[in-house]
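**Q** model this:
(one chain, ligands or ions: 3)
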Amino acid sequence: MNTEAQSSATSAASKVTTYEAKAYSARGPSSGLAPDTIRRRVPTARDVQIQVLYCGICHSDLHQARDEWRKVMPTVYPCVPGHEIVGRAVKVGSAVSKIKVGELVAVGCMVDSCRTCSACREGVEQFCEGPATFTYNGPDKHIGGVTFGGYSESVVVDQDFVLKVSESLDPAGAAPLVCAGITTYSPLRYWNVRHGHKVGVVGLGGLGHMGVKFARAFGARVVVFTTSPSKARDALRLGAHEVVVSTNSAEMQQHAGSFDFILDTVSAAHDLNAYLNLLKRDGTMTLVGAPEDASAIDSFSLLFGRRRLTGSIIGGIRETQEMLDFCAEHSITADVEVIPASKIDEAYERLLAGDVRYRFVIDMASLHGARASAPRTGAPRG
Ligand SMILES: NC(=O)c1ccc[n+]([C@@H]2O[C@H](COP(=O)([O-])OP(=O)(O)OC[C@H]3O[C@@H](n4cnc5c(N)ncnc54)[C@H](OP(=O)(O)O)[C@@H]3O)[C@@H](O)[C@H]2O)c1
Ligand SMILES: [Zn+2]
Ligand SMILES: [Zn+2]
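**A** Numbers count the residues shown, from 1 in each chain. Ligands and ions are numbered 1, 2, ... in the order given. Just a heads-up that it's a prediction; the model follows:
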């Protein structure tokens, strides 16, 4: 896999030995994704080096690669996205006790945190005041520059941020669990979704389809809201009891004031008030979608019925492992379409068209033929 051509790179903090790894990167907001070569640190005492088998394509990868979050988290180029990583541990440092060479492991959206703030002490590292180091586009404390994600043949991660994956799970279907999975599992757990609850899931994409699976597994009555009538049959197969085409206002109105909880996974600005009005008294709607543009809130949608509007971001390491173990116990994985890395740009366009059934996952074996000098194929966008 890796060329293992080790050399030295100097960071502000220290001199670290690095090796070359093949990857796919974006060079700019409209460049598309193309083969590249990046440097990874040779594992230090606490690190695990992972051969990446599969990496899911999250809509966040698209937002970041195209610099759509420039107001909050501007993209540093080249950018190697990917935070739904499943692979094999191929090397471990001398102080690694949690992971053994050969184990099936996963890395999600974080690769480090401060370990000392109240969030880290409580195991909710996603809220680290440090803040947490995200898997890509975060400051790389070891070799400088920014972190590079899982669109790569290998990653090197501190053992505390490496998760164990049951061999009983299909590794391609397990990859999306560490972002799409935990991002939906965590708020459903936090708001104690259970038998007797009526739960709405808005948007049937990568996150949405996992939300349906978990809400159903937790015993709720599940209603999917989609803008794509063609997804209705799949929604029922995935576990929904009912499907509402959200562009049909009469169908929406039939559910007014009836939901205990709604999980909104939509990746673009849309009318949130239409969903808030479907909540019961004291009902909760949680946003996990992170669109580029803001959506307006009408106060009346909240104050009638003392409704709550909340947000949630991924989950802590402890809860992510709990979710992976729950998935192993209940045979839950994502429904995936496995693609070669050369089709990432096409997959991004299909995400934007809502044409995802229900997560694209890159087979990293496809990187072996990819040459960093290959011409870039991404069509320029305005
Ligand atoms: N909070 C977190 O921790 C976290 C973690 C991961 C991702 N995210 C964010 O969550 C969002 C969803 O990610 P994803 O990977 O699930 O994306 P995705 O697979 O592209 O799914 C998004 C779905 O939203 C619906 N949708 C898209 N545009 C819409 C529009 N204009 N109006 C109404 N519905 C629309 C579509 O579903 P239908 O066809 O069913 O309508 C689409 O399939 C992204 O913004 C992503 O960045 C947040
Ligand atoms: Zn994600
Ligand atoms: Zn912290």
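**Q** count of residues packed around the closest residue to A26 other than its chain neighbours?
**A** Nearest non-adjacent residue to A26, counting by CB to CB, 6 or more residues apart in numbering: A65, 4.1 Å away. (C-beta placed from N, C-alpha, C; glycine too.) The number of residues packed near A65 is 32, by other CB atoms under 10 Å.
**Q** Run a quick check on A65 versus Y77, I expect a contact.
**A** No: using CB atoms under 8 Å, A65 makes no contact with Y77, being 9.1 Å away.
**Q** Identify the contacts common to those two.
**A** A26 (CB atoms under 8 Å, 6 or more residues apart in numbering).
**Q** how much space between the residue nearest to A26 and S97?
**A** Using CB to CB, to the nearest Å, A65 is found at 36 Å from S97.
**Q** need the strands for the stretch 1-150 of the chain, in chain order.
**A** 7-10, 15-26, 33-41, 47-57, 85-92, 104-107, 110-112, 133-134 (DSSP state E, counting those that start in this stretch).
**Q** Repeat that for the stretch 201-350 of the chain.
**A** Assigned by DSSP E, counting those that start in this stretch, the stretch 201-350 of the chain shows strands spanning 221-226, 242-245, 259-264, 279-287, 308-311, 336-339.
**Q** quick one, helices of the chain?
**A** 59-65, 118-121, 171-174, 180-190, 206-217, 232-238, 249-253, 273-276, 299-303, 317-330, 344-352 (DSSP state H).
**Q** Turn the strands of the stretch 201-350 of the chain into JSON lines, including distance to E103 and mean pLDDT.
**A** Shown next, in JSON lines, are those (distance: least, CB to CB, whole Å; pLDDT from 0 to 100):
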{"stretch": "strand 221-226", "distance to E103": "34", "mean pLDDT": "98"}
{"stretch": "strand 242-245", "distance to E103": "39", "mean pLDDT": "98"}
{"stretch": "strand 259-264", "distance to E103": "32", "mean pLDDT": "98"}
{"stretch": "strand 279-287", "distance to E103": "33", "mean pLDDT": "98"}
{"stretch": "strand 308-311", "distance to E103": "34", "mean pLDDT": "98"}
{"stretch": "strand 336-339", "distance to E103": "22", "mean pLDDT": "98"}
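**Q** Please convert those to CSV, extending it with distance to ligand 1 and mean neighbour count.
**A** What follows is the strands of the stretch 201-350 of the chain, written out as CSV (distance: least, CB to the nearest ligand atom, whole Å; neighbours: other CB atoms under 10 Å):
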stretch, distance to ligand 1, mean neighbour count
strand 221-226, 3, 25
strand 242-245, 9, 18
strand 259-264, 9, 24
strand 279-287, 8, 19
strand 308-311, 7, 14
strand 336-339, 11, 17
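**Q** export those strands to TSV and tack on distance to ligand 3?
**A** Compiled in TSV, these are given as follows (distance: least, CB to the ion, whole Å):
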stretch	distance to ligand 3
strand 221-226	34
strand 242-245	40
strand 259-264	26
strand 279-287	23
strand 308-311	19
strand 336-339	32
